[in-house]
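Just need the structure, nothing else, for what follows:
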Amino acid sequence: MVIVKNEKQIQAMRESGRILRDTLLKIEEFIKAGITTKDIDKFAHRYIVSRGAKPSCLGYMGYPASICTSVNEVVVHGIPDDTKLQNGDIISVDLCVLYKGMHTDAARTFCVGEVSEDKKKLIEVTKQSFFEGIKHIKAGSRVGDIGEAVQKYAESFGYGVVRELQGHGVGCQIHEDPGIPNFGKKGTGEFLKEGMTIAVEPMITMGSPEVFVAEDGWTVATDDGSMAAHYENTLLITKDGVEILTL
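Residues are numbered from 1 along each chain as shown. The predicted structure follows:
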């Protein structure tokens, strides 16, 4: 069921979104070669709690950490551990924040030290595919409008668009209806209504779009070992467009 938010809920999501945005900015400053993904998780947890919020991911369906840390060929849902980041790695950090009863969700892919130009390009195209996806949407648009725009842009660079995972509604719960695929056809899928809040999150690979789930039941990585990037924001659908709540 699609949940249209009231003004009180939207305001709480704006506040939640600001905390999430600030957390990602702090993480970007914190990341460097030699630290572990578990270090990043602890850092993020402390910061979120210091802002009077909670990390929504911690304990969600048994997930054991406050954030997801996905390095290189890991697409999403990497569990923080004692693995040390190395110069040249890329790392996607995905997290959700709960504040005043409302959740927001966002992700970024960061560079660790000096990163190759092809990895930088993947990160930039993934980010821009998000903005291409939301460029023309507003109340009355359809989910397929987003998916087609993301897919066309990413594939124009020869990249793979992951199909097994998608964006989603967000707010009262971490995952709500509708699903927001990163591929599709304009004019198809669920209608977007004013007051809906959704997470749009392109997951793009440098090679094949095929992925697999590791034995831990969470970590999703590329089949062919190619690099992957992730970019996500929580959006409020408005009459004339969107309001990005996590930027």
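
Show me which residues of stretch 213-228 are buried.
Neighbour-count burial for stretch 213-228, counted by 16 or more other Cβ atoms under 10 Å, picks out 218-222, 226-228. All C-beta spots, glycine's among them, are computed from the backbone N, C-alpha and C.

the longest helix in the protein is where?
helix 7-30 (DSSP state H).

Pull out the buried residues from that one.
Of the residues in helix 7-30, those buried under the neighbour-count criterion (16+ other Cβ under 10 Å) are 9-10, 12-21, 23-24, 27.

Might you report the residue contacts of R108?
If you count contacts by Cβ atoms under 8 Å, 6 or more residues apart in numbering, R108 has them with 24, 27-28, 92-93, 230-232.

will you turn the residues you listed into a markdown table that also has distance to T197 and pLDDT?
Supplementary listing: these in a markdown table, determined by distance: Cβ to Cβ, whole Å; pLDDT from 0 to 100:
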| residue | distance to T197 | pLDDT |
| --- | --- | --- |
| L24 | 18 | 98 |
| I27 | 23 | 98 |
| E28 | 24 | 98 |
| S92 | 22 | 98 |
| V93 | 21 | 98 |
| H230 | 19 | 98 |
| Y231 | 18 | 98 |
| E232 | 13 | 98 |
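
what bridges to V200?
Beta-bridge pairing of V200, defined through DSSP bridges, involves N233.

burial count for it?
V200 is surrounded by 27 other residues when neighbours are defined as other Cβ atoms under 10 Å.

And for the one 10 residues further on?
One way to gauge burial is a neighbour count; for E210, by other Cβ under 10 Å, it gives 14.

repeat for K127
Using other Cβ under 10 Å, the number of residues around K127 comes to 17.

Could you confirm it falls within a helix?
Yes - K127: assigned to a helix according to DSSP: H, G, I helix; E, B strand; the rest coil.

before we move on, the earlier item: which other residues reach the longest helix of the chain?
5, 40, 43-44, 47-48, 51, 53, 67, 93, 95-106, 108, 110, 171-172, 195, 197, 234, 236, 245-247.

Restricted to strands, list the buried residues of stretch 213-228.
Residues from the buried residues of stretch 213-228 lying in strands, with DSSP state E as the criterion: 220-222, 228.
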